[in-house]
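Undergrad: could you work out the structure for the sequence below:
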Amino acid sequence: MATTLVAVGGKGTNPKTTLYVGGLEESVNEATLHAAFLPFGEIKEVNMPIDHATGTHRGFGFVEYEEKDDAAAAIDNMNNAELFGRVLKVNYAQPMKIKGGDKGWSHLPVWADTDKYIEELEAEKEMDEYEKEQRKAALVAKE
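TA: Predicted coordinates for the structure are as follows:
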């Protein structure tokens, strides 16, 4: 049986405790999902986004564990498992990000990192000018 490795790092690491659970049958509710994942450890929260048009869940949910090792155990045991006749897809949940952004979160405005971008452009321009001066100085030195 394959096991899921949990990396533990230093500053800035994100302990993987939230799982995405896809392929849920329509009759599954938060209590059912909680009961199905409880054997693997202490659960902090269960969330199933609702489709506002139909008033039912959208076929997936999120289970957040207290400990990252419990989340790894749940993935090992519940990915491709069957619940109410449907095969589940269980993996680590991805943080909401702005498309194309490397560090942007969806609740930030698009222009949130404009200052950093402008600084990078100015630094690049200064470097180009410096390199141009260096080439010019090297040509003068050769003559």
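
Undergrad: all contacts plus neighbour counts: C-alpha atoms, from now on.
TA: Noted.

Undergrad: quick one: the strand or helix carrying Arg135 to chain centroid distance?
TA: Per DSSP states H and E: Arg135 is located in helix 114-142. Distance of helix 114-142 from its chain centroid, counting by Cα atoms, centre = their mean, to the nearest Å, is 37 Å.

Undergrad: ok, now stretch 43-58?
TA: That offset, for stretch 43-58, works out to 19 Å (Cα atoms, centre = their mean).

Undergrad: how long is that stretch end to end?
TA: Across stretch 43-58, the terminal residues are separated by 21 Å (Cα to Cα, to the nearest Å).

Undergrad: before we move on, what about stretch 62-75?
TA: Taking Cα to Cα as the measure, stretch 62-75 stretches 12 Å from start to finish.

Undergrad: may I see the buried residues of it?
TA: 62-65, 67-75 (16 or more other Cα atoms under 10 Å).

Undergrad: show me what the helix or strand of the chain with the lowest mean pLDDT packs onto, helices and strands only.
TA: Among the helical and strand segments of the chain, the one scoring lowest on mean pLDDT, DSSP states H and E is helix 114-142, with a mean of 89. Counting contacts by 3 or more Cα pairs under 8 Å, 6 or more residues apart in numbering; DSSP states H and E, helix 114-142 packs against no other helix or strand.

Undergrad: show me where pLDDT drops low in the protein?
TA: For the chain, the stretches with pLDDT under 70 are 1-15, 96-112.

Undergrad: now the helices for it?
TA: For the chain, helices defined by DSSP state H occupy the ranges 30-37, 68-78, 114-142.

Undergrad: next, the contact list for the residue nearest the centre of the chain, please.
TA: Closest residue to the average C-alpha location of the chain: Gln94 at 2.4 Å, with Cα atoms, centre = their mean. Going by Cα atoms under 8 Å, 6 or more residues apart in numbering, Gln94 touches no other residue.

Undergrad: now swap in Glu26 and tell me
TA: 56-57, 59.

Undergrad: what about 7 Å?
TA: Gly59 (Cα atoms under 7 Å, 6 or more residues apart in numbering).
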